[in-house]
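**Student:** sharing a model that was predicted from the sequence below.
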Amino acid sequence: MQVTLKGVLASSMMDALAWDDNKLPREDWVFTVPAQLALVTSQIIWTEEVEAALEELESGQEDALKKYQEICSLRLESLIRLVQMELSKSDRVKIITVITIDVHNRDVVAALIHKKVESNVDFKWQSQLRYYWAPDDKNVNIRICDFATSYSFEYVGNCGRLVITPLTDRCYVTLTVALRLMLGGAPAGPAGTGKTETTKVYFFNSPCLRF
């Protein structure tokens with residue numbers, strides 16, 4: 001299972017290089033890969049592109065992040081147009097899930113611009129869940145703050161995602177840093193606020209972290 005998913009992800013990463021040259025636009029590519037790996041590939045590409053934009057910003061290109069925000073918006077609009085068409089149930093779930101992540105990623109870029117972040121070591125960026133592709137061993141490294149782990153390539157299928165809010169992001173940071181310190185976490189709050197879903201989606205669904 002893990003070897004198969006690694007192989008499919010490697011192929012997906014190669015195909016993703018053609019997103020912007022019209023050979024395989026992202027809105028067509030998303031139908032060619034399983035939902036789980038569409039999310040992982042999108043997260044890897046987003047991490048690489050944001051850090052590239054931040055490097056350009058450091059080198060003096062003042063509008064680098066704003067240009068990338070426009071790219072994020074265009075990609076999001078392309079997916080939104082897809083869900084307005086006739087789709088199979090599984091394709092609709094997949095695309096809506098990718099849209100959910102895309103909206104969050106676009107908002108993160110907007111927050112980086114608003115906070116005037118100028119480096120990829122700034123806490124505002126470091127506190128985001130970042131995915132890094134390691135092509136040599138077909139592995140994915142996941143980082144957030146000073147916590148690092150590997151994607152475990154557990155098959156989870158085509159399932160939905162919760163909308164990510166600033167509170168969700170804070171919960172992710174708190175739980176992962178606690179784990180790095182060999183501690184635990186116990187989200188508390190009123191019923192129906194998303195405590196269980198946040199923990200389940202984060203640790204057992206989307207990132208599939210290996211501890």
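**Tutor:** Alright, I've got the coordinates.
**Student:** OK, contacts around the spatially closest residue to residue 83 that is not a sequence neighbour?
**Tutor:** Distance criterion CB to CB, 6 or more residues apart in numbering; nearest residue to residue 83, sequence neighbours excluded, is residue 95 at 5.6 Å. For every residue, glycine as well, the C-beta is placed using N, CA and C. By CB atoms under 8 Å, 6 or more residues apart in numbering, the residues touching residue 95 are 30, 79, 82-83, 87.
**Student:** try it again at 7 Å.
**Tutor:** Contacts for residue 95 (CB atoms under 7 Å, 6 or more residues apart in numbering) come out as 30, 79, 82-83.
**Student:** ok, residue 167 next?
**Tutor:** Not one residue lies near residue 167 by CB under 7 Å, 6+ apart.
**Student:** put the alpha carbons of the helix or strand harbouring it into PDB.
**Tutor:** Assigned by DSSP states H and E, residue 167 belongs to helix 166-180. Extracted C-alpha coordinates of helix 166-180, given in PDB (Å, rounded to 0.1, in the frame of the first residue of the first chain):
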ATOM      1  CA  PRO A 166      -7.300  30.400  12.800                       C
ATOM      2  CA  LEU A 167      -8.400  28.500  15.900                       C
ATOM      3  CA  THR A 168      -7.700  25.200  14.100                       C
ATOM      4  CA  ASP A 169      -4.200  26.400  13.100                       C
ATOM      5  CA  ARG A 170      -3.500  27.300  16.800                       C
ATOM      6  CA  CYS A 171      -4.700  23.900  17.800                       C
ATOM      7  CA  TYR A 172      -2.400  22.200  15.300                       C
ATOM      8  CA  VAL A 173       0.600  24.200  16.600                       C
ATOM      9  CA  THR A 174      -0.100  23.500  20.200                       C
ATOM     10  CA  LEU A 175      -0.600  19.700  19.700                       C
ATOM     11  CA  THR A 176       2.400  19.200  17.500                       C
ATOM     12  CA  VAL A 177       4.800  21.200  19.700                       C
ATOM     13  CA  ALA A 178       3.400  19.200  22.700                       C
ATOM     14  CA  LEU A 179       4.200  16.000  21.000                       C
ATOM     15  CA  ARG A 180       7.700  17.100  20.200                       C
END
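**Student:** right, I'll call it a day here.
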